[in-house]
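**Q** just coords:
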């Protein structure tokens, strides 16, 4: 059997990076919007 | 009751928008399912005798394409819904579907490229299937860029709806190309592979143990969970934009 495990590890790392990136992106934008909404409420 | 968090930077209390209970449950179920799916793919099923461990990437590669298909389908539904009703909620669904679908497309392309390196002895080749998948991803990346370039909200949503519907042609083409182009080297797992296919492997009961759960996880659970979260974000952004407009 060929030794191809290092490509599997690379693949899993890239998948984690892409999907993790999407999740973090959504979460940070959500927090940012919550801050903005809070500031708008405070201004009133 | 709203959860309140003390911000260490601004030293102000920031109220978090409450996470709907159903979304919370779906998120927890999806997170557990993703871990279980990865355990099945990486540890439970046997490695392929000809390809070794890298073949396990297939259990993410193919399901992530179906995840992209589902997410881009949501964009078509959203586009049609918006053009018919002019209700912003449909535009939100379309935008969310495309953003999530694009991430799934990148996963498909990346895992395919990494698998190809030891099996095809190259990271990339301009094979019909690979080319159509790359065009599909670029088409949707262009959607996000073009959408961001239109300032008028109504015009932006109308344009995005039409673009999202038309762009789905690239998804259909990518899906069927391995069955209509005999010169592709991309293998087909379900059904007969094209004559030139390289890196084929037999879909056995053993592979189904990891493939079927991962198809459900990556093709249904994960895209819908992420789309729901993205919709929630977009609703909040719209709320902020409305409040800013009211203030100004």
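**A** Structure's in. What do you need? Predicted model, so just to flag it, every value in this text is computed and none were measured.

**Q** Just want the residue of chain A that's nearest chain B.
**A** residue A:4 (3.7 Å; CB to the nearest CB). The way it works is simple: take the backbone N, C-alpha and C, and place the C-beta from them, glycine included.

**Q** Could you give the number of residues near that residue?
**A** Residues contacting residue A:4 under the criterion other CB atoms under 10 Å in any protein chain shown number 21.

**Q** go on, residue B:61?
**A** Taking other CB under 10 Å as the criterion, the count of residues near residue B:61 is 23.

**Q** Quick check: the closest residue to residue B:236 other than its chain neighbours vs residue B:60, distance?
**A** The shortest distance from residue B:236 to any non-neighbouring residue, by CB to CB, 6 or more residues apart in numbering or on different chains, is to residue A:33 (4.4 Å). Note on residue A:33: its distance to residue B:60, by CB to CB, to the nearest Å, is 31 Å.

**Q** Figure out how far the longest helix anywhere in chain B is from the centre of its chain.
**A** As assigned by DSSP state H, the longest helix anywhere in chain B is helix B:88-120. Distance of helix B:88-120 from its chain centroid, counting by CA atoms, centre = their mean, to the nearest Å, is 4 Å.

**Q** show me what contacts residue B:232?
**A** A:30, B:17, B:19, B:20, B:23 (CB atoms under 8 Å, 6 or more residues apart in numbering or on different chains).

**Q** now residue B:137
**A** Contacts here follow CB under 8 Å, 6+ apart; on that basis residue B:137 touches B:102, B:105, B:106, B:109.

**Q** Run a quick neighbour tally on the third one.
**A** Spelled out, it's residue B:106. 21.

**Q** One more: the second one?
**A** When neighbours are defined as other CB under 10 Å, residue B:105 has 30 of them.

**Q** looking at it, it is touching residue B:139, isn't it?
**A** No - at 9.6 Å, residue B:105 does not count as touching residue B:139 under the criterion of CB atoms under 8 Å.

**Q** sorry, back to before: okay, residue A:33 and residue B:60: which has more neighbours?
**A** More crowded of residue A:33 and residue B:60, by other CB under 10 Å: residue B:60, with 28 against 21.

**Q** I'd say that one and residue A:11 touch.
**A** Yes - counting by CB under 8 Å, residue A:11 is a contact partner of residue B:60 at 7.3 Å.

**Q** Now do the shared contacts for the two.
**A** With CB under 8 Å, 6+ apart as the test, residue B:60 and residue A:11 both reach residue B:111.

**Q** list the contacts for residue B:65?
**A** B:104, B:105, B:108, B:133, B:174.

**Q** any weak-confidence spans in chain B?
**A** In the predicted model of chain B, residues B:1-15, B:190-197, B:199-203 satisfy pLDDT under 70.

**Q** Now with 50, please.
**A** In the predicted model, chain B carries pLDDT under 50 at residues B:1, B:6-7, B:9-11.

**Q** ok, which stretches of it are strands?
**A** Using DSSP state E, the strands of chain B run over B:4-6, B:13-15.

**Q** Okay, helices next: where are they in chain B?
**A** In chain B, the helices defined using DSSP H lie at B:21-39, B:58-85, B:88-120, B:128-149, B:153-180, B:205-216, B:222-247.

**Q** The fifth one packs against which elements?
**A** Spelled out, it's helix B:153-180. If contacts are counted by 3 or more CB pairs under 8 Å, 6 or more residues apart in numbering or on different chains; DSSP states H and E, helix B:153-180 sits against helix B:58-85, helix B:88-120, helix B:128-149.
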